[in-house]
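J.: Build me a model from this:
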Amino acid sequence: MILESGRWFWLTVGVISVALLVLLSPILTPFLVGAFLAYLGDPLVDRLEGWKLSRTLSVTTVFVAIFLLVLLFFLFLVPVLETQVKLFISTVPRYLDWGVNMLGPYLNENFGVDPSVLEMDRLKGVIASHWKETGGFIRNAIQTISKSGFVVLGWVANLALIPIITFYLLRDWDRMVAYIDDLLPRSIEPLVAKLARESDDVLGAFLRGQLLVMMALACIYALGLWLVGLEFALLIGLIAGLVSFVPYLGLIVGVGVAGVAILFQTQDVFNLFWVFAVFGVAQVIEGTVLTPLLVGERIGLHPVTVIFAVLAGGQLFGFFGVLLALPVAAVLAVIMRHVHETYKQSQIYGIETPEMPPAIELDDSEEKSRG
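T.: Sure, this is the predicted structure:
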């Protein structure tokens, strides 16, 4: 009976799929990471195939490029970032003292606020003790995975599986898509294919487009602030670039943090001009080059949707949920758009206008008498 009804059949498939995701979520993380990397690299593979390279050679080239970038990130960028974070944390107490000395007299004279109520000494102690307890990123990771031999084996297994999964998914990506399309019932295949294409456009606009824009902005911010002479150029540039998926948030955060840092470092207000120049040039490059070239006219996920999806996924399923959040949000956004369009065209939304009474035809005698 269930198989005879398409509605009940797909409802059963959906419930079983969700139950399997919940039960298997502890082991699915490397598969999701591999699928994420394969999804990002598949367009490059297809482009290399268009240049008359074989699929295997194209996959190998993209695979090596992806993992060289990942390796360079962990070998060089992470230690530099950790060093800058440590230096920044050690400098925070001096930032607080400088801020109290600058703003304290103003607050006292104009608002009657005694700077002592801010309890800066206690705040500095909390920051210092918290950093000593937490330590660095790398040391925390090593301590976490070294608490149990099984945890170490799990981490090693996952790290070893990710490259293997990525390679095979990249090689067979188009074949898997065609296989799934062939499995769909022919009655719903056109609708599912349309929704899948729209979901790919939405997700691709964010992952492939907006992610590249964020990385490019982070590089521009960091390079510009480094040329200005800012001590924490890499850290501030990376933070401003990462939060730039929310319109103007990266600009506001970057200008605010970099402005305070350059004032504290040089004690010269004129250097604020160079900070404004760096972010102004970056915004011009983003609006005229980066966004039109990398994102184009595609409509990605709304920034609020991205924030909510990531937080909700992390709350429900941890790191696995964070990885799954964006694909699920993209599909749901497309489905809701389709439901909205269907609703606007349905009789539920439409207002039926009363039918007009049929026109009364006049015979020749009546027409003559009226004439």
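
J.: So, low pLDDT: which residues of the stretch 101-250 of the chain?
T.: 104, 106-109, 111-154 (pLDDT under 70).

J.: hey, where'd the helices end up in it?
T.: Applying DSSP state H, counting those that start in this stretch to the stretch 101-250 of the chain gives helices spanning 120-134, 137-145, 149-183, 189-204, 211-228, 233-242, 249-266.

J.: Please identify which of those is closest to F319.
T.: Closest of those to F319 is helix 149-183, at 10.8 Å (criterion: Cβ to Cβ). From N, CA and C alone the C-beta is placed, and that goes for glycine too.

J.: and the closest one, what does it pack onto?
T.: Where contact means 3 or more Cβ pairs under 8 Å, 6 or more residues apart in numbering; DSSP states H and E, helix 149-183 is packed against helix 6-50, helix 55-72, helix 137-145.

J.: Would you format the helices of the stretch 101-250 of the chain as a markdown table with mean neighbour count and distance to L96 included?
T.: Shown next, in a markdown table, are the helices of the stretch 101-250 of the chain (neighbours: other Cβ atoms under 10 Å; distance: least, Cβ to Cβ, whole Å):
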| stretch | mean neighbour count | distance to L96 |
| --- | --- | --- |
| helix 120-134 | 12 | 5 |
| helix 137-145 | 12 | 23 |
| helix 149-183 | 14 | 38 |
| helix 189-204 | 15 | 42 |
| helix 211-228 | 19 | 22 |
| helix 233-242 | 22 | 18 |
| helix 249-266 | 18 | 10 |
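
J.: Looking at those, spot the one closest to S25.
T.: Of all these, helix 149-183 comes closest under Cβ to Cβ, at 13.2 Å.

J.: That closest one versus helix 6-50: what angle between them?
T.: Helix 149-183 runs at 100 degrees relative to helix 6-50, counting by axes from the mean of the first three to the mean of the last three Cα atoms, to 10 degrees.

J.: how would you label L53: helix, strand or coil?
T.: Here L53 is recorded as coil under DSSP: H, G, I helix; E, B strand; the rest coil.

J.: what sits against it?
T.: Applying Cβ atoms under 8 Å, 6 or more residues apart in numbering to L53 gives the contacts T61.

J.: Now the phi/psi pair for it, please.
T.: Note on L53: its backbone torsions stand at phi -90, psi 150 [degrees, to the nearest 10].

J.: Find me the pLDDT at it, would you?
T.: Predicted confidence (pLDDT) for L53: 87.

J.: Next: the one 3 residues further on.
T.: T56 is assigned a predicted lDDT (pLDDT) of 88.

J.: Roughly how far does it sit from L170?
T.: Separation of T56 from L170 (Cβ to Cβ, to the nearest Å): 10 Å.

J.: same question, L37
T.: 8 Å.

J.: measure I285 to A157 for me?
T.: Counting by Cβ to Cβ - I285 and A157 are separated by 42 Å.

J.: How about Q315?
T.: In terms of Cβ to Cβ, Q315 sits 26 Å off from A157.

J.: again with L87
T.: Where A157 is concerned, L87 sits at a distance of 35 Å (Cβ to Cβ).

J.: go on, L223?
T.: Between L223 and A157 the computed distance is 38 Å (Cβ to Cβ).

J.: ditto for T56
T.: Taking Cβ to Cβ, one finds T56 at 26 Å from A157.

J.: Sounds good, over and out.
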